[in-house]
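# I would like the atomic coordinates for the input below:
(chains A and B)
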Amino acid sequence: MRPEPRLIEVRKNVLKQNDVVARSLRDRFRAAGVFVVSLVSSPGSGKTAFLEKTLTLLRTNYRVAALVGDLATENDALRLARSQAPVKQITTGTLCHLDAAMVQNALEDWDIKQLDFLFIENVGNLVCPSSYDLGEDLRLVLISVTEGEDKPLKYPTIFNSADVAVVTKIDLAAAVEFSWETAYNNIQAVRPGMPVLKLSAKSGEGMEDYLGFLAARLNELRQVACS
Amino acid sequence: MHELSIAMSIVELAEEEAERRGVRVNAVHLKLGALSGVVKEALLSCYEMASESTPLQGSLLLVEDVPVVIFCPRCQAQRPLSSVQLFCCPQCGTPTSEIVQGKELEVVALEIQECVPNPV
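Next up is the predicted model:
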């Protein structure tokens, strides 16, 4: 018997399974009229404090909820729950990112039609989350002033998978001699045209603009749904 | 790093295809984009681990690196990006975020083995 090698075409995305679930989540979110925002960043950028403030401020006018991913502990969920919004912790064990299946499982016993905004805080990691679509409408990438202005240059992939950059902890900018211009230019260098917000969850500076931005996006979503 | 779980997904995908067609896989051809978020060297070493004790054991993972190609709105042409730290046209310098290729993580083809009888 003479073996003959042959090439057969496959053309399948390795992460197809995640994409299929993400697409189904996206359809579900659209049908429910909920605007979904995910947050990615390094550990320590202030994601949780920022999200807690967001939930607290939005709750006065909107119905909000959050999912938060961590390798271990329920600490972040407990902090976010102080906002009085429904919060659920997703503990990933050793997995370094959330994927669409985890989000789907976490939402099993929630009625998302009752929501205006759903926030998904990813595991603190600027590398792995870039490959996984969670079905969100908007992905925010956060960098704090304490991390240095060159973060975007070091992690171009995550900036290319996100929609809006948020510079956090600006109340500390002077203390760490943070250059807003350098950071902004570096973001534009790896992702031309990327909108950039700057704020401080602690002092409240910049939060109003950010919430206005979210409200406008929700309006857009609802208008499209009605047309 | 999660290249091991990516490698396991590749093995699973290839295994499914092979089973469907009733063939043995000698090699998996993969397109890996520079912006896929996956590191080639790590993936190659994880592939060996991931394929162990599966029908794919002993098979090769052949990776085709896919560079980032952007579309320049001024030149109205596709251009390969010289650096992921600077998303602008290498020809005219216009910043652009329109990515034409570079995010791939795709099993393109399988090199399979089938036996044919020797001619009499």
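# can you give me phi and psi for residue A:17?
Main-chain dihedrals, residue A:17, degrees, to the nearest 10: phi -60, psi -40.
# wait, it sits on residue B:9?
Yes. With contacts counted by C-beta atoms under 8 Å, residue A:17 reaches residue B:9, the gap being 7.4 Å. C-betas here are computed from N, CA, C, even on glycine.
# which of the two has more residues huddled nearby?
residue B:9 (19 against 15; other C-beta atoms under 10 Å in any protein chain shown).
# if I look at the residue nearest to that one when sequence neighbours are not counted, what pLDDT would I see?
Distances taken as C-beta to C-beta, 6 or more residues apart in numbering or on different chains put residue A:14 closest to residue B:9, at 5.1 Å, once the chain neighbours are dropped. Looking at residue A:14, its pLDDT is 95.
# list the contacts for residue A:133?
A:18, A:19, A:22, A:100 (C-beta atoms under 8 Å, 6 or more residues apart in numbering or on different chains).
# from the residues you listed, pick the one nearest chain B.
Distances from chain B to the contacts of residue A:133, taken as C-beta to the nearest C-beta, are shortest for residue A:18 (8.9 Å).
# now name the helix or strand holding that closest one.
If you go by DSSP states H and E, residue A:18 is part of helix A:16-32.
# is any part of that helix close to chain B?
Yes. Applying C-beta under 8 Å from any C-beta of the partner chain, one finds helix A:16-32 in contact with chain B at A:16, A:17.
# neighbours of residue 113, just the number please.
Going with chain A. By other C-beta under 10 Å, the residues close to residue A:113 number 11.
# not quite, go with chain B.
Neighbourhood size, residue B:113 [other C-beta under 10 Å]: 14.
# I'd say it and residue B:22 touch.
No. Contact between residue B:113 and residue B:22 fails when scored by C-beta under 8 Å: they sit 11.5 Å apart.
# what sits against the residue of chain A found nearest chain B?
Nearest residue of chain A to chain B: residue A:192, at 3.4 Å (C-beta to the nearest C-beta). By C-beta under 8 Å, 6+ apart, the contact list for residue A:192 reads B:87, B:88, B:95, B:96, B:97.
# how distant is stretch A:217-227 from the center of its chain?
20 Å (C-alpha atoms, centre = their mean, to the nearest Å).
# just to revisit the earlier point, check which element follows the helix holding residue A:18 along the chain.
Using DSSP H and E, the helix or strand that follows helix A:16-32 in sequence is strand A:35-41.
# the next helix or strand after that next one - what's its average pLDDT?
Next helix or strand after strand A:35-41 toward the C-terminus (DSSP H and E): helix A:47-58. Averaged over helix A:47-58, pLDDT sits at 95.
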